[in-house]
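In: 3D model of this:
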Amino acid sequence: MTKYCDRCRTKYDEYLDDTIREGSRPSYFSHLINMEKWLIDNGREETTPPLANLEKKDVKRYIDILVEGGEASSANTFISVLQSYANWMLTNHKQKWMKTGGMEHLVIEQERWERIASVKRPSMEETAAGFLTLEELEKLLMTAHAQNIRDFELIWLLAWMGCRPGELRDAYRREHIVKIQSEKTRDRKTKRRIGVDAFTAKVFDSAKKHGTLAVSQQTIQNRVMGGTGGIYDKALGVHITPKMFRHTFATYMDNRCIRDNDVMKRFDIQLDDKFTKVWQGHKVGKDITHLYREYPDDLFVFIAEHKHYMLPIEKKVRACTA
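Out: Got it, this is the predicted structure:
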């Protein structure tokens, strides 16, 4: 942390202590402080409480700078941090706003933080670094299938599930639902659910049977890049990392699922980016168990069978490998 941070360590203590697990607090703190420092460096006054003058346009500009600097993954992490902080403010500060300036101040602050919380991840075109296009993912899967079926299974599941690599080790399947324990909520009994279609269920079962998923992080990294020779890296012309599949999943699934009319008609649920976050195991709120109950198993299966971003690729893979 910078010297700037040292003199303002306590600014976000209440939020961090109330919301964020201990191991993640330094990262969350750094993102918030860096945003605040950027505002001051660009002519904005330091405020108490912090970020009291922050607007959505400031956030979007800051994200643009991160993306332009090749920090696409940092931009996505920052958005998650800021959305978490904004939602905490909306939950915990309404009485303070009312006491400070009455109903008018309450409305102004509530609308401001709602705008900040609504900031979306950058699109695929804006953040090409750190993501794979569908064409690149298809080429990677085809190459892996021809080269090594175990590599194909691993890459397919990472891309389909959008999970952290280590979470696959203890995952298990019940019909069209795969249950995964989130790495960042090991102390909780709740397992998150991921929908799979028939093809992905077969890939999952095969991978579990052959021990494809019970390998080290370094082995996973070696396999997705194509071994020490980097076969898949060379085929795509980019350095492939396990985290790329997580980023690609988030971007495409948000685009396909948010405010989907078919989901609304069938389940009477209007999906927002919270659904993708729950699927991926991000911390969306304090009561994550409630969020899991909000989405029925049938919804995860429906998304897997009808809305998943990899379904067009699956058709091509099955046609070429039948």
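In: show me the strands in this structure, by range?
Out: For the chain, applying DSSP state E gives strands covering 172-174, 177-180, 192-195.
In: contacting residues around the last one?
Out: The reference is to strand 192-195. Applying Cβ atoms under 8 Å, 6 or more residues apart in numbering, the contact partners of strand 192-195 are 161, 163, 176-182, 278-279, 281, 292, 295, 297, 299-305, 308. (Glycine included, C-beta is placed from N, CA and C.)
In: partner strands of that strand, parallel or antiparallel?
Out: Here strand 192-195 has these sheet partners by DSSP bridges: strand 177-180 (antiparallel).
In: pLDDT averaged over the partner strand - what is it?
Out: Mean pLDDT, computed over strand 177-180, is 93.
In: in it, which residues are buried?
Out: 177-178, 180 (16 or more other Cβ atoms under 10 Å).
In: how many residues are close by the spatially closest residue to residue 39 that is not a sequence neighbour?
Out: Spatial nearest neighbour of residue 39, chain neighbours left out: residue 58 (6.4 Å); criterion: Cβ to Cβ, 6 or more residues apart in numbering. For residue 58, the count of nearby residues is 17 (other Cβ atoms under 10 Å).
In: and the pLDDT for residue 67?
Out: At residue 67, the model reports a pLDDT of 71.
In: distance check, it against residue 80.
Out: Noted for residue 67: a distance of 15 Å to residue 80, by Cβ to Cβ, to the nearest Å.
In: need the strands of the chain in a markdown table (columns: distance to residue 250).
Out: As requested, the strands of the chain are exported to a markdown table (distance: least, Cβ to Cβ, whole Å):
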| stretch | distance to residue 250 |
| --- | --- |
| strand 172-174 | 22 |
| strand 177-180 | 16 |
| strand 192-195 | 14 |
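In: ok, which of those comes nearest residue 242?
Out: strand 177-180 (14.9 Å; Cβ to Cβ).
In: ok so, going back, which one of the buried residues of strand 177-180 is nearest residue 16?
Out: Within those, proximity to residue 16 (Cβ to Cβ) peaks at residue 180, which comes in at 26.0 Å.
In: quick one, what contacts that closest one?
Out: 161, 163, 167-168, 170-171, 191-194, 281.
In: okay, now residue 141: neighbour count?
Out: Neighbour tally, residue 141, other Cβ under 10 Å: 23.
In: now do the contacts for it.
Out: Contacts of residue 141 were listed using Cβ under 8 Å, 6+ apart, and they are 152, 155-156, 159, 313, 317.
In: among those residues, which are located in helices?
Out: The helices, defined by DSSP state H, take in 152, 155-156, 159, 313, 317 from these.
In: nearest to residue 131 among those residues?
Out: residue 159 (11.2 Å).
In: check what pLDDT the residue nearest to that closest one when sequence neighbours are not counted gets.
Out: Distance criterion Cβ to Cβ, 6+ apart; nearest residue to residue 159, sequence neighbours excluded, is residue 245 at 4.4 Å. On the pLDDT scale, residue 245 is placed at 93.
In: shouldn't residue 245 be in contact with residue 155?
Out: Yes. Between residue 245 and residue 155 there is a contact under Cβ atoms under 8 Å: 7.3 Å.
In: which neighbours do these two share?
Out: residue 224.
In: just the buried ones from the contacts of residue 180?
Out: Using 16+ other Cβ under 10 Å, the buried members of the contacts of residue 180 are 161, 163, 167-168, 171, 191-194, 281.
In: do me a favour and get the end-to-end distance for stretch 166-183?
Out: 7 Å (Cα to Cα, to the nearest Å).
In: for the remainder of this discussion, apply numbering that starts at 16.
Out: Sounds good: first residue 16 from here, last item stretch 181-198.
In: pull the distance from that stretch to the chain's centre.
Out: 17 Å (Cα atoms, centre = their mean, to the nearest Å).
In: got any ranges where the chain has weak pLDDT?
Out: Regions of the chain meeting the criterion pLDDT under 70 cover residues 16-24, 83-88, 137-144, 199-205, 298-308, 336-337.
In: the residue nearest to residue 174: neighbour count?
Out: Neighbour tally, residue 260, other Cβ under 10 Å: 26.
In: before we move on, what about residue 103?
Out: 21.
In: quick one: residues contacting it.
Out: Taking Cβ under 8 Å, 6+ apart as the test, what residue 103 contacts is 30, 33-34.
In: specify which member of those is nearest to residue 45.
Out: For the contacts of residue 103, the nearest to residue 45 is residue 30 (13.7 Å; Cβ to Cβ).
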